[in-house]
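*Asks:* Got a predicted structure here, sequence first:
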Amino acid sequence: MQKNIDLTRFFKHLFIQFFLPLAAIAVFVSVLPDWEPRNHWSVLFIFTLLTIVGAFAPISTFNARLTVNNALFFSGILLYGTWVAVWAAVVELLIVTVLSRSSLKKAMFNCGQILLTLWLVGFLHHAADSAGIPWMFSDLLLILVYWFVNTSLVASGISYFFHVKWLDTFASMVKGGSNTYIMLMIIGGIGARLVAQYGWLSLIPLLAAFISLNIVFRQYFRNINKLQQKMDEIQTFNHSFLTTMAASIDARDHYTSGHSQRVAHWGREIARAIGMPPDKVDEVYFGGILHDIGKIGIEDHILNKKGKLTPEEYDKIKQHTVIGYEIILQAGMFHELLPAIRSHHERIDGKGYPDGLKGDEIPLMARILAISDAFDAMVADRPYRKGLPVEDALQEIRKGAGTQFDAELAYQFIRVVSQLSREELEKIIQQDNQTQLQEVLQ
């Protein structure tokens, strides 16, 4: 496995540090014959000036900041050929590299990826013109090629320099700003066609529309960012509120101090182990925090009884799932946590409570928390017994797989716990309300 990783890294290094810089030199040399300085100084000056201004006036999207430079390069290819885009790109990169003090390796990569993209698009543009393809169709095809090649190459650089997966980086870039990227390229293409047909003055309406669009985008994403900040504040408040509430409930019994926090922790680890999305992982965690809220409606003399419960007392204890469900239902908030509260004592074989659900009838969140709840109950000390050793508790989880617990989830939980050191396990198991409240206040 290590050999495969090393080999992949070697080819990435070869591509980023050797192939792309050599490609940049080859592309630059190839466009030299097409440029006659006496005829093209003004064109080069205008495009270079525009690209430098564009580099410092990005458009923000949800997950990215995009410049208009690629649209300008594309319009240059359509109007004058590959040479103007290549020269403008090289001058802009030199200025940006000096100002940002970028390393030589990154500068050469940036030069290689953009010049290779420009050359390929220029080549295809020439081929489309020679084949007589209508410009509307060829321009759209060229835009898609430009977007795909440029995005792929930039993702390869990010993957190499920051040691992340190329596919994850590419997917993130596609999701983050592709629509805006392609829209800007279309505007650049339309602008080039207008100039070719009607002269430079035809750009005035387009420029006015672009400036207006840029202002709208900036205001829109500024508002989006403010809204996101508010959402983050609300989530932080909810976390603190739920954790404090759970700590208050657990504090009624010294022997269950920190129980909800530990159940939430193990539930989150199971959710991560099975690949649940981050928002669903958070729901499982908060479900664990709040799963025993119904105990607020159980009498203290039953909840804190040091001896064995009578059948009648046990029936009352079992009502905490329904009591908690009704509390949250009537509160009108945290409805996504209701399955955790009501169903965390259901069993796969249908012998659980309060509804006797079985198998997949039990919500996934509840199946996860059933395991973490049972594990913490087994390893924690009680008034009438000492907590079980972790190995014995895991053996009980293993025995209950397929009857009391979801077999796959039980396997994942055992795997997660088995990977932890004894010190890490002890730290989690001994976490109490004091630690819990300190985390909230920090």
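*Replies:* Good, I have the coordinates.

*Asks:* Please enumerate residues in contact with stretch 188-196?
*Replies:* Under the criterion Cβ atoms under 8 Å, 6 or more residues apart in numbering, residues 68, 70-72, 74-76, 78-79, 135, 139, 142-143, 202-203, 206 lie in contact with stretch 188-196. Where C-beta positions appear, they are placed from N, C-alpha and C, glycine not excepted.

*Asks:* what does stretch 15-24 give?
*Replies:* The contact list for stretch 15-24, computed with Cβ under 8 Å, 6+ apart, reads 105, 108-109, 111-113, 115-116, 119, 153, 156-157, 160-161.

*Asks:* Report how many residues lie close to G294.
*Replies:* Using other Cβ atoms under 10 Å, G294 has 23 neighbouring residues.

*Asks:* How much space separates it from I323?
*Replies:* 4 Å (Cβ to Cβ, to the nearest Å).

*Asks:* where along the stretch 51-200 of the chain do the helices fall?
*Replies:* Applying DSSP state H, counting those that start in this stretch to the stretch 51-200 of the chain gives helices spanning 69-80, 82-100, 104-131, 135-162, 166-198.

*Asks:* Could you dump the ones you listed into CSV and include mean neighbour count, distance to R262 and mean pLDDT?
*Replies:* Putting those into CSV (neighbours: other Cβ atoms under 10 Å; distance: least, Cβ to Cβ, whole Å; pLDDT from 0 to 100) gives the following:
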stretch, mean neighbour count, distance to R262, mean pLDDT
helix 69-80, 25, 51, 86
helix 82-100, 20, 47, 83
helix 104-131, 19, 46, 91
helix 135-162, 17, 35, 91
helix 166-198, 17, 32, 84
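
*Asks:* will you turn those into JSON lines that also has distance to L337?
*Replies:* Shown next, in JSON lines, are the helices of the stretch 51-200 of the chain (distance: least, Cβ to Cβ, whole Å):
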{"stretch": "helix 69-80", "distance to L337": "45"}
{"stretch": "helix 82-100", "distance to L337": "47"}
{"stretch": "helix 104-131", "distance to L337": "46"}
{"stretch": "helix 135-162", "distance to L337": "36"}
{"stretch": "helix 166-198", "distance to L337": "28"}
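
*Asks:* Which among these is found nearest to Y285?
*Replies:* Relative to Y285, the nearest member of the helices of the stretch 51-200 of the chain by Cβ to Cβ is helix 166-198, separated by 23.5 Å.

*Asks:* so the closest one versus helix 135-162, what angle?
*Replies:* Between helix 166-198 and helix 135-162, the angle comes out at 150 degrees (axes from the mean of the first three to the mean of the last three Cα atoms, to 10 degrees).

*Asks:* Going forward, count from 829.
*Replies:* Will do, 829 is the new start, and the previous item becomes helix 994-1026.

*Asks:* Helix 994-1026 vs helix 897-908, what angle?
*Replies:* Going by the same axes, to 10 degrees, helix 994-1026 makes 40 degrees with helix 897-908.

*Asks:* now helix 994-1026, how far from the chain's geometric center?
*Replies:* 23 Å (Cα atoms, centre = their mean, to the nearest Å).

*Asks:* Just give the number of residues close to A854.
*Replies:* 13.
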